Each structure stands twice: as structure tokens, then as C-alpha cells.
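A.B. asks: Quick check, what structure comes out for this input:
(2 chains)
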2 protein chains.
Amino acid sequence: MKLDAQWITGFVDGEGCFFVGINPHKEMTAGFQVLPEFTVVQHKRDVQVLHALKGYFDCGVVRVNHDDRMAYRVRSKEYLLARIVPFFIKHPLKTKKNVDFKKFRRILLMMEADIHLSIDGIEAIRAIAAQMNTGYLR
Amino acid sequence: MKLDAQWITGFVDGEGCFFVGINPHKEMTAGFQVLPEFTVVQHKRDVQVLHALKGYFDCGVVRVNHDDRMAYRVRSKEYLLARIVPFFIKHPLKTKKNVDFKKFRRILLMMEADIHLSIDGIEAIRAIAAQMNTGYLR
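C.D. replies: The predicted model follows:
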């Protein structure tokens, strides 16, 4: 299945999620690990679309999400910065998900600048992450 | 907001719904009314995307769906046949929603052929409609 960039943008406007988890982790300097993640979840009947996304971006994995749902997921900071972020800069999302994307990108850049390695930095990232995905989680 | 055809296809692959309701209606010859409907539901924060779809297809309405959800909806058989169906013939959906779309189109054509005006016809349409939207309603 060959995907068009605009199709991907429309599909991710509907089904995609930019998420940043912040988990306690005693081996990290600041006591927390920052885990940015780009995910597209879909019923297993359309798993071939998730594989097509994986093929297009040439990174990430397709895994069971829960029950009959499958997920395409990119967690590698390097691939997020090298492949996912540039794509959505070039082909901007049209929904308010673009606001989440911009926060997601900002957190990735802060991580590249090692801001997440200090306690103040973790708090700054936590404040941004707390404003993400708020509009449609109900 | 200007929409690209491939973006619309991707967005509808994620968020669109092709539905055929069959309701008792004593004024109809066969005792039932067939109500095909194309819908895209979205959180109200992205209502501008629904208005952009309405503008693109130049038909349908944007209304409250429930709570914080808004819907773009086309119920006119004429507009469905003249604008919605030809669009998704030209720009095929990539998910299994395309199977629903094809059944939706078939029912519209049966209605154009007045098949829904007989009891046998209603049963034939009901059998097709019962196979729609089954894969992801769980």
C-alpha cells in the first residue's frame, strides 16, 4: 500500500497521538525519565495501514495495543526527530492536534539540549506535557 | 482552511462514518424509511475542520452531535450521490471503511432504482446495512 503525504496528515489528524510520558526512574540524574511517543491506533482489521505507515517512515513498530486494537508506535528520540517531526513540519496537521505536535516537538528539542537531566528541566517539561491532549480526552 | 483531497480521504478513513438507518415509517409504501448518512464527528475545538469539509463538498450541515462533539452530516440522497460518492470513487479510502463505503453506495443506487419501496427491497437493503460498520464497533 502506497501512502500519500496528505493522506497521512489527514489520517493522523484523526487517529494519531503525540504523547510525552514522565516516569520515575532512579537511574536518571533528575529521578525521572521522559518518554515521547508518536502513536496511531487502529482496529486490527486495518493493521495493513499501520504497516504502511511504518514502511513510509521507515522506523517504529506495529504491536497489539489492547484487545482488537493495534498500534503503530515510534519511541526512539532519534527517529522522532529525524523522521516524524520533519514530516509534520512539512505537512502541517489541520486540527488542533497541531498544537500538541508543536509542544511534542518542543519537548524533543529540550531533550536534545539535555534539559530533561535537571530537576528544573523535568518540571518545565512536565508543565508543557500537562497541556497536551487536553481537548479531546473526555 | 483549504483542504486537499488526499487529506480528506485520510481524515475520513480515521473519523468518517457511512451509515444506513432503516426506520419504521407508516407513510412509506413498504412501511420503512431508508436513511443513508455520511458523518464526520469531531470535538468542538476542531469545528473549523467540519466547516471546511462542508465548504469542500458544498452540501450538508454542521451540528452538535452530543456533549462536546460536533458532526458534519450529509443526509440528502441527491448530494450523497452527486458529491460524496463520486469523491470517494475518485479518491478511494485505504482502510476497511472502503468496504462500508461500497455497501453504502450500493444502497444509494438501489434507492435510486426504487428498490426500497417494496418489502422485499427493504429486506435486501437491511441485509446489506447489517454488514456495515461491524469491524470497529466494539
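
A.B. asks: C-alpha from now on. contacts and neighbour counts both.
C.D. replies: OK.

A.B. asks: Where does the closest residue to residue A:51 other than its chain neighbours fall, secondary structure wise?
C.D. replies: Leaving aside its sequence neighbours, residue A:51 sits nearest to residue A:62 (Cα to Cα, 6 or more residues apart in numbering or on different chains; 6.7 Å). Secondary-structure assignment from DSSP states H and E places residue A:62 in strand A:61-66.

A.B. asks: residues near the residue nearest to residue A:51, how many?
C.D. replies: 20 (other Cα atoms under 10 Å in any protein chain shown).

A.B. asks: After the longest helix out of those in chain A, which helix or strand is next?
C.D. replies: If you go by DSSP state H, chain A has its longest helix at helix A:97-112. Remark: after helix A:97-112, the chain's next helix or strand is helix A:119-129, criterion DSSP H and E.

A.B. asks: Contact distance from chain B - what residues of chain A qualify?
C.D. replies: With the criterion set to Cα under 8 Å from any Cα of the partner chain, chain A comes near chain B through A:4, A:6-15, A:43, A:45-46, A:49, A:94-96, A:135-136.

A.B. asks: which strand of chain A spans the most residues?
C.D. replies: In chain A, taking DSSP state E as the definition, the longest strand is strand A:32-43.

A.B. asks: Give me the buried positions along that one.
C.D. replies: Of all the residues in strand A:32-43, those buried under the rule 16 or more other Cα atoms under 10 Å in any protein chain shown are A:32-34, A:36-43.

A.B. asks: any idea which of these is closest to residue A:131?
C.D. replies: Nearest to residue A:131 out of the buried residues of strand A:32-43 is residue A:36 (Cα to Cα; 14.3 Å).

A.B. asks: Please name the residues that touch the closest one.
C.D. replies: Neighbouring residues of residue A:36 by Cα atoms under 8 Å, 6 or more residues apart in numbering or on different chains: A:18-21, A:75, A:77, A:104, A:108.
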